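*Asks:* okay, here's the prediction I keep looking at, along with the sequence it came from:
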Amino acid sequence: MSEEKVLEQTSIEATSPFELRLNLGTGVPENAVKTALTTGDMGFLHSFTTGSTVDGPGVRLVAWTAGCQWRCLYCHNPDTWSMVNGMPVTLDHAIDEVRKYRHGLKVMSGGLTLSGGEPLMQDRFAVRLLTAVKKMGVHTAIETNGYLGDRLTDEEIEQIDLVLLGLKTAPARHLHLTGKEMGPTLEFAQRLSRLGRKIWVRFVLVPGLTDDPENIGEIAKFAASLGNVERVEVLPFHQMGKYKWKELKLNYTLDSTEQAPRELVERACAQFRAEGLKAD
């Protein structure tokens, strides 16, 4: 299936990243997928959303990529795990989408945030898109779990103004929560520190899973040790993606988990602040 055919069926823009999108890239030949991943000439996107005020500074355009190696128990977009669920979009098309909004993004002190899924599964596309956007004078950010950070050179990291880094839990629990060890994420964070690149840490607070003080304290101490963390965002768990797990017939283990109450969020923020970090 051609990209044009896909885009006739599904708009590249979405009102919300919580829209369920499936099998938009299944018609792309395997050799074309491999070429795209090698060159970055094409990416696989869940959607673009506009007007976000929660994915970096200012008002932002967010490009949601498809494909992720992790299997976080609380993931609210499991349809982005598979790259074939993303629509094939040429690099030029993606750049043109950003260009339409560049003046407004500058006026509103915003920019482009590349999110996912995990954007670094499509590292060549990510680098080329962010480089082109930065040349427009638009602020660039990437939301990543950092696991594939070694795919980027130091020079490529310079094209990223801000890294929204997901620190999911302390290392001892990380494999259970995400399906992957935490080592590469910690190494990427330390590398960003050495390079002096700005980080906002994102931590999802899940009652009964990530909320105990010892766990939060370990993450807070590590974040504070980096010296380049501008902000910690404590994100209360929600059930907005629950229906996707059901539709995809995945085993959802947090069915009865409630959203973290405000007092629990504030307690977590206080632990990060006690380490000298700005947290909200």
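*Replies:* It's in.
*Asks:* so where's the longest helix in this protein?
*Replies:* helix 91-107 (DSSP state H).
*Asks:* so residue 142 touches residue 111, yeah?
*Replies:* No. Residue 142 sits out of contact with residue 111 when judged by Cβ atoms under 8 Å, with a separation of 10.9 Å. C-beta: built from backbone N, CA, C; applies to glycine.
*Asks:* show me what counts as buried in the longest helix of the chain.
*Replies:* Neighbour-count burial for helix 91-107 flags 91, 93-95, 97-98, 101-102, 105 (criterion: 16 or more other Cβ atoms under 10 Å).
*Asks:* nearest to residue 266, of those residues?
*Replies:* The nearest member of the buried residues of helix 91-107 to residue 266, counting by Cβ to Cβ, is residue 105 at 31.9 Å.
*Asks:* ok, now which ones touch the closest one?
*Replies:* Shown in contact with residue 105 (Cβ atoms under 8 Å, 6 or more residues apart in numbering): 58-61, 111-112, 138-139.
*Asks:* which of the helices or strands spans residue 36?
*Replies:* Counting by DSSP states H and E, the element that carries residue 36 is helix 30-39.
*Asks:* what residues sit buried inside that helix?
*Replies:* So, applying 16+ other Cβ under 10 Å, buried residues of helix 30-39: 33, 36-37.
*Asks:* what distance separates the top strand by length along the chain from the middle of the whole chain?
*Replies:* Taking DSSP state E as the criterion, the chain has its longest strand at strand 42-52. Taking Cα atoms, centre = their mean, to the nearest Å, the mean C-alpha location of strand 42-52 is offset from the chain mean by 11 Å.
*Asks:* angle of the following helix or strand past it against helix 91-107?
*Replies:* For strand 42-52, the following helix or strand on the C-terminal side (DSSP H and E) is strand 60-65. Relative orientation of strand 60-65 versus helix 91-107 (axes from the mean of the first three to the mean of the last three Cα atoms, to 10 degrees): 150 degrees.
*Asks:* which strands or helices does strand 60-65 pack on?
*Replies:* On a contact count with 3 or more Cβ pairs under 8 Å, 6 or more residues apart in numbering; DSSP states H and E, strand 60-65 meets strand 42-52, helix 91-107, strand 111-115, helix 123-135.
*Asks:* okay, the ones you listed in CSV with mean pLDDT and distance to residue 232 next?
*Replies:* Compiled in CSV, the helices and strands packed on strand 60-65 are given as follows (pLDDT from 0 to 100; distance: least, Cβ to Cβ, whole Å):
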stretch, mean pLDDT, distance to residue 232
strand 42-52, 92, 19
helix 91-107, 95, 25
strand 111-115, 98, 17
helix 123-135, 98, 23
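*Asks:* ok so, going back, ok, of the contacts of residue 105, which come out buried?
*Replies:* Buried members of the contacts of residue 105, counted by 16+ other Cβ under 10 Å: 59-61, 111-112, 138-139.
*Asks:* okay if I get those residues as CSV plus distance to residue 48?
*Replies:* Output for the buried ones among the contacts of residue 105, formatted as CSV (distance: Cβ to Cβ, whole Å):
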residue, distance to residue 48
59, 14
60, 11
61, 6
111, 13
112, 9
138, 14
139, 16
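*Asks:* now, among the residues you listed, which is nearest to residue 192?
*Replies:* Minimum distance to residue 192 across the buried ones among the contacts of residue 105 is 16.8 Å, recorded for residue 139 (Cβ to Cβ).
*Asks:* look up the pLDDT of that closest one for me, please.
*Replies:* Residue 139 is assigned 98 on the pLDDT scale.
*Asks:* strands of the stretch 151-280 of the chain, start to end?
*Replies:* Assigned by DSSP state E, counting those that start in this stretch, the strands in the stretch 151-280 of the chain fall at 162-166, 198-205, 229-236.
*Asks:* any idea of the mean pLDDT in the second one?
*Replies:* Spelled out, it's strand 198-205. 98.
*Asks:* ok, residue 149 - how many residues close by?
*Replies:* By other Cβ atoms under 10 Å, the residues close to residue 149 number 20.
*Asks:* turn the buried residues of helix 30-39 into a markdown table, including distance to residue 82 and pLDDT.
*Replies:* Listed next are the buried residues of helix 30-39 as a markdown table, based on distance: Cβ to Cβ, whole Å; pLDDT from 0 to 100:
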| residue | distance to residue 82 | pLDDT |
| --- | --- | --- |
| 33 | 12 | 87 |
| 36 | 15 | 89 |
| 37 | 14 | 91 |
